[in-house]
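Participant: make a model of this:
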Amino acid sequence: MINFIVMQAVKKYIGILIILLIFPISWFIGKNFITDGDAAIYSYIPQESDIVIEINSRNFIGEMMYQRIFNQDYVKERVEVEKEDIPTGINYFSKVILFREVWANESVWICVVGVENEQDFEKFVATKISEPHIVTNDGYAVIQLGPSSNQEQLDEHLANIANKKIKPFSTRVDLSKHFNKEKEINVYMIPQTSNANNQLIDGYLNMDFHQDHIDIGGEFNVVSGFNDKKGIVYPVNEEAALSIRSSLNVFNSIWWFNSEQIENVPQYDQLALDYDGMKIFLCDKNWGYQFPFKSFPEMQMRFDLSKSERWFAFFDTINAQGKIKVDTTTKSLITEQGTFLQYDITESHFDLSRSGVNLTADPQEDVYFDMQFKIAPLLDNTKFSVDEENPPSILEQSIGISIAEDMIDELHAFDNIEQIRFQMSNGGEGKIKAEGKVQMKDKNGQSMVESMFFMTEALLYIKEF
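Facilitator: Residues are numbered from 1 along each chain as shown. Sure, this is the predicted structure:
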């Protein structure tokens, strides 16, 4: 009898010990026994790419393995899990690479991922994408992201990338020196050299996922003479939903979306933006705007200028092109999309606002870019109603308001991210230091799971529209 009691106790303690060991074992397996993604994937990145993103699947798998075991209900609630074991053909332990290449006068995003079974992979992709453009070779798949107006030539280009007939990025930059395998996401950026307004030569960012937040770090090299650059003059408005301050011409430093400067915005000395949502009024579709609504953004935006003649010319050009309608008496303008704003342009500044700009100077010499963004307040302050002066029909009112409210409700799925902070400051010796933090709303959740939820919702939202 005593032996039986002793044996039961031993079994109980061994069971507890096994449970306690699952955490370090599962974490250890995820981090060590799952091998590092082969750096050979870098050889598929063309030399002329200007943005390269690396996702370290190994790091994600290690954390998700633990979360799936210990927080199963939480994971199932936040991330859709396939009920059936559908073969994808993907090598889940491979790095995932995304790069942007300016090719044939287009900015093309391309993905490279490891595959274990090409046939399974092609079948899987065909169930997710209606007209996929993919070339597989030697255990990797090169995937086109987004449409192209030069599809026939791009198909040939994809094949050349997959067959390594394109000069690789490694002849330009050794990514292994900049990409940290301990970070979940690494990003390298090198602006187009033909842009005379570049202030950043090149640089990298990385993302480190923690329990309830993501840390952002990085470093950029700057052009000669940058040390004379002034820092931001106006401090970030912590009360605003979105607040940006910059003495960098960031829109001209990295061509984020295409091969042109955004709207050809001239250079400026300082940028200050506070944005708190928008009041949107549905109006008659025949009123003359591109979209059947008027919008009144709750914002203030200032560009401090040293070369005001360029801004006067810019303002006159967009007015002559019909992109805005200007009333010089009331100093108001209406964009071709139906956005109503006050403006003020002088030798020292260009302002856009709802009711004037109210900024207090507090120079920070070593900070060149500062941003804070809170999603929930921005959505809460975005309101839809009917324009009383030029209302749409009763049916259009009902349908329009209903769709708008549903859209805002869907967007609230994204406010699982509580706040984003990002800053670029003087790093010394011709460097800019980048630091940031993405804070999740659920303090008891996990940033990796919350990010997967965010991306899933974003993809579904984009697919709808």
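Participant: all contacts plus neighbour counts: C-alpha atoms, from now on.
Facilitator: Noted.
Participant: host element of residue 267?
Facilitator: Assigned by DSSP states H and E, residue 267 falls within no helix or strand.
Participant: now it: how far from residue 243?
Facilitator: Distance, residue 267 to residue 243, using CA to CA, to the nearest Å: 20 Å.
Participant: higher neighbour count, those two?
Facilitator: residue 243 (24 against 20; other CA atoms under 10 Å).
Participant: ok so the more buried one is a strand residue?
Facilitator: Yes - counting by DSSP: H, G, I helix; E, B strand; the rest coil, residue 243 is located in a strand.
Participant: right, and it touches residue 271 too?
Facilitator: No - counting by CA atoms under 8 Å, residue 243 does not reach residue 271; the two are 10.5 Å apart.
Participant: let me see the ranges of the helices in the stretch 1-150 of the chain.
Facilitator: For the stretch 1-150 of the chain, helices defined by DSSP state H, counting those that start in this stretch occupy the ranges 2-28, 57-70, 72-78, 118-128.
Participant: buried sites along the last one?
Facilitator: Along helix 118-128, these residues count as buried under the neighbour rule (16 or more other CA atoms under 10 Å): 118, 120, 121, 122, 124, 125.
Participant: now, which of those residues sits nearest residue 277?
Facilitator: Set against residue 277, the nearest of those by CA to CA is residue 125 (37.7 Å).
Participant: setting aside sequence neighbours, what's the nearest residue to that closest one?
Facilitator: residue 132 (7.2 Å; CA to CA, 6 or more residues apart in numbering).
Participant: per-residue pLDDT of the one you found, please?
Facilitator: pLDDT for residue 132: 87.
Participant: so what's it up against?
Facilitator: By CA atoms under 8 Å, 6 or more residues apart in numbering, residue 132 lies in contact with 125, 126, 143, 144.
Participant: residues touching the second one, list them.
Facilitator: Under the criterion of CA under 8 Å, 6+ apart, the contact partners of residue 126 comprise residue 132.
Participant: one step back: tabulate the contacts of residue 132 (a markdown table), appending distance to residue 78.
Facilitator: A markdown table is the format used below for those (distance: CA to CA, whole Å):
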| residue | distance to residue 78 |
| --- | --- |
| 125 | 23 |
| 126 | 26 |
| 143 | 27 |
| 144 | 28 |
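Participant: what's the most distant pair in those?
Facilitator: Between any two of the contacts of residue 132 (CA to CA), the greatest distance is 13.3 Å, for 126 and 144.
Participant: buried ones in stretch 39-47?
Facilitator: Counting neighbours by 16+ other CA under 10 Å, one finds that the buried residues in stretch 39-47 are 41, 42, 43, 44, 45, 46, 47.
Participant: would you agree the last one is in contact with residue 174?
Facilitator: No - distance between residue 47 and residue 174: 11.2 Å, which falls outside the contact criterion (CA under 8 Å).
Participant: which residues are contacting stretch 325-336?
Facilitator: With CA under 8 Å, 6+ apart as the criterion, stretch 325-336 contacts 289, 290, 319, 322, 323, 324, 340, 341, 342, 343, 344.
Participant: which residues sit in contact with the first one?
Facilitator: Residues near residue 289 by CA under 8 Å, 6+ apart: 336, 337, 338.
Participant: that one - that's part of a helix, no?
Facilitator: No - under three-state DSSP, residue 289 falls outside any helix and is assigned coil.
Participant: if we can go back for a sec, now render the buried residues of helix 118-128 as TSV, adding distance to residue 170 and pLDDT.
Facilitator: Putting the buried residues of helix 118-128 into TSV (distance: CA to CA, whole Å; pLDDT from 0 to 100) gives the following:
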residue	distance to residue 170	pLDDT
118	26	89
120	31	89
121	27	88
122	28	85
124	31	85
125	29	83
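Participant: between the residues you listed, which is nearest residue 110?
Facilitator: Of these, the one sitting nearest to residue 110 (CA to CA) turns out to be residue 125, at 14.8 Å.
Participant: now flag whichever of the contacts of residue 132 is closest to residue 102.
Facilitator: Nearest to residue 102 among the contacts of residue 132, with distances taken as CA to CA, is residue 144, at 13.3 Å.
Participant: beta partners for that closest one?
Facilitator: Beta bridges link residue 144 to residue 110, judged by DSSP bridges.
Participant: and it, how far from residue 73?
Facilitator: If you measure residue 144 against residue 73 using CA to CA, the figure is 35 Å.
Participant: OK, contacts around residue 341?
Facilitator: With CA under 8 Å, 6+ apart, residue 341 has these contacts: 296, 297, 332, 333, 334, 352, 353, 354.
Participant: run a quick neighbour tally on the third one.
Facilitator: So that's residue 332. Residues within reach of residue 332, counting by other CA under 10 Å, total 18.
Participant: quick check: phi and psi on the spatially closest residue to it that is not a sequence neighbour?
Facilitator: Leaving out its chain neighbours, the residue that sits closest to residue 332 by CA to CA, 6+ apart is residue 342, at 4.3 Å. Phi and psi for residue 342, reported as degrees, to the nearest 10, are phi -90, psi 150.
Participant: now residue 342: how far from residue 416?
Facilitator: 34 Å.
Participant: tell me the spacing between the closest residue to residue 133 other than its chain neighbours and residue 39.
Facilitator: Nearest non-adjacent residue to residue 133, counting by CA to CA, 6+ apart: residue 144, 5.6 Å away. Noted for residue 144: a distance of 21 Å to residue 39, by CA to CA.
Participant: so which of the contacts of residue 341 is the most crowded?
Facilitator: Neighbour count (other CA under 10 Å) singles out residue 353 as the most crowded of the contacts of residue 341, with 23 neighbours.
Participant: so the closest residue in space to it that isn't next to it in sequence, which of the three states?
Facilitator: Excluding its sequence neighbours, the residue lying closest to residue 353 (CA to CA, 6+ apart) is residue 300, at 4.3 Å. Here residue 300 takes the strand state, with states given by three-state DSSP.
Participant: please apply the same query to residue 454.
Facilitator: Here residue 454 is helix, with the state taken from three-state DSSP.
Participant: now do the contacts for residue 453.
Facilitator: By CA under 8 Å, 6+ apart, the contact list for residue 453 reads 78, 79.
Participant: that one and residue 414: what is the separation?
Facilitator: Here the criterion is CA to CA. By it, residue 453 lies 9 Å from residue 414.
Participant: buried only: go through the contacts of stretch 325-336 for me.
Facilitator: Using 16+ other CA under 10 Å, the buried members of the contacts of stretch 325-336 are 289, 324, 340, 341, 342, 343.
Participant: turn those into a markdown table, columns for pLDDT.
Facilitator: Listed next are those as a markdown table, based on pLDDT from 0 to 100:
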| residue | pLDDT |
| --- | --- |
| 289 | 71 |
| 324 | 90 |
| 340 | 94 |
| 341 | 94 |
| 342 | 96 |
| 343 | 96 |
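Participant: out of the residues you listed, who's nearest residue 229?
Facilitator: residue 343 (27.3 Å).
Participant: that closest one belongs to a helix?
Facilitator: No - Residue 343: not assigned to a helix; according to three-state DSSP it is strand.
Participant: host element of residue 312?
Facilitator: According to DSSP H and E, residue 312 maps onto helix 308-320.
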